[in-house]
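Enquirer: Dropping the sequence and predicted coords here.
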Amino acid sequence: MSAAGNTPGACDPPALRLSGITAGYERRSPVLRDVSLTVRKGEAVGLLGPSGCGKSTLARVAALLHRPWAGTVHLAGQPARGWRYRAPRAQRTFAGVVFQQPRTAADPRLTLHALIAEPLRATGRAVEATDRVGRLADAVGLGPELLTRRPHEVSDGQLQRACVARALVLDPGLLVCDEMTAMLDASTTAALVTVVEDYRARTGAALLAVGHDRTLLERWCDRTVEAAGLGAPDERSRTPRARETTPAGTPASGT
Ligand SMILES: Nc1ncnc2c1ncn2[C@@H]1O[C@H](COP(=O)(O)OP(=O)(O)OP(=O)(O)O)[C@@H](O)[C@H]1O
């Protein structure tokens, strides 16, 4: 289910199809009610909405990290048959995820090199780590000297660069970016958006980007979805974006 090598086409199944998703936590009333959302292969969809409306919950359901109470998740046309570590490996690794807070998403004991290589080790592909981690670290703008440091020895922006590299290391067909740039400065935001877009242009991967920054998401994505009252996000298409538009209007530097 890797995106690499696939040619986007009208006949391809959507990268993500959420149908009738109802989800929540413990015994509280559901956060999401009967939500449906489709992200086509190669498409970038931005999910906008006020704090607490359930955007992150939806992102976690899409990445098979949170089990819904009802509804189905299809990844690349295949219904999710299990969740988290019980899901078939191809489904678990189809979605690469980047969270808002790199410090809570990174094991503090690992060097950045080990952090980026973590999914390779977890899937029995550790032998590929030297090559892949080196290339991805270069792409996200992390020099070799930073790869030997642990999270407490780097800045938030540097750690988020490592988390983006980790999300890409298994060549996902879908990237789920949950407020990936919320705590970053403008140049790091531009650099990481460019890394994601370069990856998508090369592989045909789809993107579900969650955030509050309407300007960024409208520039970055093919369309945005208003998630207000995510009981049922209406899929209003907005501002189709030419594929070649520079994300966020900023340079592609690796600063
Ligand atoms: N692990 C959890 N346990 C219990 N309730 C949770 C949990 N995670 C989120 N919630 C609740 O679910 C609701 C939706 O949270 P969610 O994080 O999905 O919203 P959001 O739209 O992403 O918010 P924000 O934009 O502030 O990140 C909130 O009321 C939140 O308190």
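Expert: Arrived safely.
Enquirer: So which bits of the longest helix along the chain are buried?
Expert: When the chain is parsed with DSSP state H, its longest helix is helix 186-203. Residues 188-197, 199-200, 203 are the ones in helix 186-203 that count as buried (16 or more other Cβ atoms under 10 Å). The C-beta positions use only the backbone N, C-alpha and C, and glycine is treated the same way.
Enquirer: so how many other residues sit close to the nearest residue to H152 once chain neighbours are set aside?
Expert: Excluding the flanking residues, the one nearest H152 by Cβ to Cβ, 6 or more residues apart in numbering is P108, at 6.3 Å. The number of residues packed near P108 is 9, by other Cβ atoms under 10 Å.
Enquirer: does the helix or strand containing L175 come close to the ligand?
Expert: Here L175, judged by DSSP states H and E, is contained in strand 174-178. No - figure legend: strand 174-178 not in contact with the ligand (Cβ under 6 Å from any ligand atom); closest approach 7.3 Å.
Enquirer: list the helices and strands that strand packs on?
Expert: For strand 174-178, the elements it packs on are helix 55-62, strand 95-98, helix 156-168, helix 186-203, strand 206-211, judged by 3 or more Cβ pairs under 8 Å, 6 or more residues apart in numbering; DSSP states H and E.
Enquirer: Turn the ones you listed into JSON lines, columns for distance to the ligand.
Expert: Below are these laid out as JSON lines (distance: least, Cβ to the nearest ligand atom, whole Å):
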{"stretch": "helix 55-62", "distance to the ligand": "3"}
{"stretch": "strand 95-98", "distance to the ligand": "14"}
{"stretch": "helix 156-168", "distance to the ligand": "16"}
{"stretch": "helix 186-203", "distance to the ligand": "17"}
{"stretch": "strand 206-211", "distance to the ligand": "7"}
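Enquirer: Mind checking the ones you listed for the one nearest to D34?
Expert: helix 55-62 (12.3 Å; Cβ to Cβ).
Enquirer: pLDDT averaged over that closest one - what is it?
Expert: Taken as a whole, helix 55-62 has a mean pLDDT of 94.
Enquirer: what inclination does that helix have with respect to strand 206-211?
Expert: 160 degrees (axes from the mean of the first three to the mean of the last three Cα atoms, to 10 degrees).
Enquirer: Please report how far the residue nearest to H152 lies from G143.
Expert: Distance of P108 to G143, given as Cβ to Cβ, to the nearest Å: 21 Å.
Enquirer: same question, A70
Expert: For A70, the distance to G143 equals 47 Å [Cβ to Cβ].
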